[in-house]
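**Q** I'd like to go over a predicted model; first the sequence, then the structure.
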Amino acid sequence: MQFLIERLPLYLDGAWVTIQLTIGGCALAFVLAMAFGILGSMKHGLPRAVATVYVEVFRGIAALVLMFWMAYALPLATGFQLNDVFAAILAVGLNVGAYGAEVVRAAINAVPRAQIEGTVALNMSWFQRTRLVVVPQAWAQMLPTFGNLVIELMKATAVAYLIGVTDLTAVADQMREATGETIVAFSGALILYYVIAQVLIFGMRLLERRANRKLGRTPPGGAGLFALLRPPKTGTKVGVAQ
Amino acid sequence: MPPSDAPDTEEPQAGEGQPQIVFDKVVKRFGDLTVLDHLDFSVEPGERVTLIGPSGSGKTTILRLLMTLEKITEGHIQVAGEPFSHMRRGSKLVPASEGYLREKRKSIGMVFQQFNLFPNMSVRKNVTEAPVHVLGLPKDEANARAEELLDLVGLGEKIDAHPTQLSGGQQQRVAIARALAMRPDILLLDEVTSALDPELVAGVLDVLRQVAETTDITMLCVTHEMAFARDVSHRVLMFDKGRIAEEGTPEKIFEDPEEERTKAFLSSVLDNGH
């Protein structure tokens, strides 16, 4: 315990890098997921094909290999050296974005046809319909799965230490090397990863609750702040428009 | 057969005194099922027409074709003297593009059986979003229009409520206000009371009676509410198997129908307590 408390600032520095990787990766993954998910839900073949290529390519590539490629192969191929943190963010963002695009596409396709017909009767354009009706309704349905992806992404950032980013995993490993306290060194990292994950889960449930309230539904798990700490009850309908 | 692109020689000329809606040998098939079978009819500006008939007789399909929610298989539809299901390309008529449909359906509004209110918006937004974004109305003006229309449907005090806080009848009245906010020339009413509990039907029908009395909107109404049909419509069309079996004034159709099919249909509807 004393060991950990003394070295807490070092761990927190590592955790801060992990958080930066997570935020950067999530921001990139979110933009990609929305863009390619919306393209994938369109009627025309071309945008759908573009979305399919992105999803299949980046879902099929291991984030770790992609990161190695960007850190080591890209400079050889183009002479352009990416910043390590940026390479890691790109790798996890592109990878998780591909999963996210499928979530977005499915959620958009799940918006009831009657809602689309309502927008036609009001003569909305595709863009107006997507922005005002479809995406806001699909949003509540995306969030539970986005929650999983955010946690997955956060944990996937641990591979960044292999290209020399001093994240939480790297700090734990340095600690082990310097002191030989293997059990304690890695336990510290485990605990901090867990804490970060809990904060993320809490944040995602908060978003989910807000989204459900906007659709006029009682949030899954009931009202009250404590409800956010519990998983939703089984059989709870999430994100399904009336 | 795909929609015909042959030149239409019988196209009416634009001008006064012409029908607002013309169905010209309209065929609609879903796979092997023929829902509308060479249907011809027209509706005058300001006319209120009720479509009755057994389920599956094609009444709702007519409304859905006019709202561009379905595409016709054969024939032509004209609205306000202009091609509607088709557009002119040179001297030919070709199936309408999405852009053309968007231009043409401006004048048409629809109220659905299941209301189709947007659950991600308050009542106010439901009524103001399309006028603001589609018609380009300033927000103040759209708001004023929404308040006025919600007062008309008796829901002025619910303007900031959420649709899920309203009863079915109230939701349907909001849907009527939402459609009227677009200032349509033609209003399509698709079994607007069928999804409602019986005690909520009267409120919705009262609102529609008032709309009928105070505006000159052309109305096409699919309903099983025969008393309502008799009160508000100028003409009743009885459909059977995708064709018009009989048509006439409400008095004629309800009191002295000629066709056996009309008699059978009316007695079955009246037996069900309507």
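**A** All right, it came through fine. Given the structure is predicted, the values throughout are model-derived calculations rather than measurements.
**Q** spell out which residues of chain A are next to chain B.
**A** A:114-115, A:117-118, A:120-125, A:128, A:132-133, A:136-137, A:214-217, A:241-242 (CB under 8 Å from any CB of the partner chain). Every C-beta, even on glycine, is put in place using the N, C-alpha and C of the backbone.
**Q** count the residues that sit near the residue nearest to residue B:168 when sequence neighbours are not counted.
**A** Spatial nearest neighbour of residue B:168, chain neighbours left out: residue B:196 (4.8 Å); criterion: CB to CB, 6 or more residues apart in numbering or on different chains. Neighbours of residue B:196 under the rule other CB atoms under 10 Å in any protein chain shown: 21.
**Q** ok, residue B:196 touching residue B:223?
**A** No. At 11.9 Å, residue B:196 does not count as touching residue B:223 under the criterion of CB atoms under 8 Å.
**Q** residues contacting residue A:17?
**A** By CB atoms under 8 Å, 6 or more residues apart in numbering or on different chains, the contact list for residue A:17 reads A:85, A:165-168.
**Q** before we move on, what about residue A:97?
**A** Residue A:97 is in contact with A:28-33, A:36, A:54, A:58, counting by CB under 8 Å, 6+ apart.
**Q** related to what we said a few turns ago, show me how to select, in PyMOL, the buried members of the residues of chain A next to chain B.
**A** The buried residues among those can be selected in PyMOL (16 or more other CB atoms under 10 Å in any protein chain shown) with this line:
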select buried, chain A and resi 115+117+118+120+121+122+123+124+128+132+133+136+137+214+215+216+217+241+242
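**Q** of the residues of chain A next to chain B, which belong to helices?
**A** A:114-115, A:117-118, A:120-121, A:128, A:136-137, A:214 (DSSP state H).
**Q** which stretches of chain B have low pLDDT?
**A** For chain B, the stretches with pLDDT under 70 are B:1-16, B:272-274.
**Q** so how far is the lengthiest helix in it from its chain's centroid?
**A** Ranked by residue count and defined by DSSP H, the top helix of chain B is helix B:198-214. Chain-centre distance of helix B:198-214: 15 Å, with CA atoms, centre = their mean, to the nearest Å.
**Q** average pLDDT across the lengthiest helix in chain A?
**A** If you go by DSSP H, chain A has its longest helix at helix A:2-40. On average, the pLDDT along helix A:2-40 is 93.
**Q** next secondary structure after it?
**A** The first helix or strand that comes after helix A:2-40 along the chain, using DSSP states H and E, is helix A:45-59.
**Q** for that following helix, buried residues please.
**A** Judged by neighbour count (16+ other CB under 10 Å), helix A:45-59 contains these buried residues: A:51, A:54-55, A:58.
**Q** get me the contact residues on the stretch 151-274 of chain B for chain A.
**A** So the stretch 151-274 of chain B meets chain A at B:162-165, B:178-179, B:182 (CB under 8 Å from any CB).
**Q** now the buried members of the residues you listed.
**A** In those, the ones that pass as buried (16+ other CB under 10 Å) are B:162-163, B:178-179, B:182.
**Q** for residue A:68, which non-adjacent residue is closest in space?
**A** Using CB to CB, 6+ apart, the nearest residue to residue A:68 is residue A:163, at 6.8 Å.
**Q** residue A:96 now?
**A** The nearest residue in space to residue A:96 (CB to CB, 6+ apart) is residue A:29, at 4.1 Å.
**Q** wait, isn't that neighbour in contact with residue A:154?
**A** No. Between residue A:29 and residue A:154 there is no contact under CB under 8 Å: 11.2 Å.
**Q** where does pLDDT dip in chain A?
**A** A:1, A:218-242.
**Q** which ones are touching the residue nearest the centre of chain A?
**A** Here the mean C-alpha position of chain A is nearest to the C-alpha of residue A:150 (CA atoms, centre = their mean), at a distance of 3.1 Å. Listed by CB under 8 Å, 6+ apart, the contact set of residue A:150 reads A:22, A:26, A:200, A:204.
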